[in-house]
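> Any chance you could fold what I've pasted below:
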Amino acid sequence: MKQRFLLILLLMCGGILAYSQSYNQERTALANFLVRMYENAPFDGVKAVEDYDNAYLMSVVKLDKEKYKTESALNRVATVKAMSQASRFFNGSSITDDMIIRTTKSADGTSGTEITENIREHSVGYVKQLEHLTNFLSKDGQQVFIFITPLTK
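Below you'll find the predicted structure:
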């Protein structure tokens, strides 16, 4: 009796573990596919993509790592920009972007430049389920973030 119970328990647990591995393998395959797609034709913004069973809205953000002091700030800016792009696609939000460039010239003839970027978003909606899928370094040394959200068919 104990052997039957253990066998049934083992079969049930094995089925659960196989399902969770399938989910991770599907996500990894999707991430690899989207990275290859980006490397073939780089872009910033949103794009609708499909795999065999699902459709996704892909939001790609490309940031210069040198402009941000910490990884946390870099990740937060990427998340906000990705949500902004997806919100603009779904809900028609308006975004304003100001860039302030200050140049200075010293007495010895050298000059310096300081660039400040201000981003303001006026949104009319909220994007649910925007998932950070992957990030990687592009060929030009910038950090590329890929976010996805499922599209309803």
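
> For residue 115, grab the count of nearby residues.
10 (other Cβ atoms under 10 Å). From N, CA and C alone the C-beta is placed, and that goes for glycine too.

> Oh, that last question was meant for residue 27, not what I typed.
Neighbour tally, residue 27, other Cβ under 10 Å: 14.

> and after whatever helix or strand it lives in, which helix or strand comes next?
Secondary structure assignment for residue 27, by DSSP states H and E: helix 2-40. Sequence-wise, the next helix or strand downstream of helix 2-40 (DSSP H and E) is strand 45-50.

> Which neighbouring elements make contact with that following strand?
strand 55-63, helix 71-91 (3 or more Cβ pairs under 8 Å, 6 or more residues apart in numbering; DSSP states H and E).

> Where among these is average confidence lowest?
In terms of mean pLDDT, the lowest-scoring of those is helix 71-91 (a mean of 88).

> And for it, what's in contact with it?
45-46, 57, 59-61, 63, 65, 68, 93-95, 119, 121, 123-127, 130, 132, 135, 143, 145, 147, 149 (Cβ atoms under 8 Å, 6 or more residues apart in numbering).

> taking the helices and strands packed on strand 45-50 together, which one is wrapped up most tightly?
Most buried of these by mean neighbour count (mean count of other Cβ atoms under 10 Å) is strand 55-63; its value is a mean of 20.

> Keeping just the C-alphas, turn that strand into PDB.
Extracted in PDB, the C-alpha atoms of strand 55-63 (Å, rounded to 0.1, in the frame of the first residue of the first chain):
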ATOM      1  CA  ALA A  55       1.200  37.400 -29.600                       C
ATOM      2  CA  TYR A  56       3.300  39.900 -27.600                       C
ATOM      3  CA  LEU A  57       4.000  43.600 -27.500                       C
ATOM      4  CA  MET A  58       7.700  44.000 -27.200                       C
ATOM      5  CA  SER A  59       9.100  47.200 -25.800                       C
ATOM      6  CA  VAL A  60      12.800  47.800 -26.400                       C
ATOM      7  CA  VAL A  61      14.800  50.400 -24.500                       C
ATOM      8  CA  LYS A  62      18.400  51.300 -25.200                       C
ATOM      9  CA  LEU A  63      20.300  53.200 -22.500                       C
END
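
> All further residue positions should be reported with the first residue as 12.
Shifting the count to begin at 12 puts that one at strand 66-74.

> Direction included, what does it pair up with?
Sheet pairing of strand 66-74 (DSSP bridges) gives strand 56-61 (antiparallel), strand 154-162 (antiparallel).
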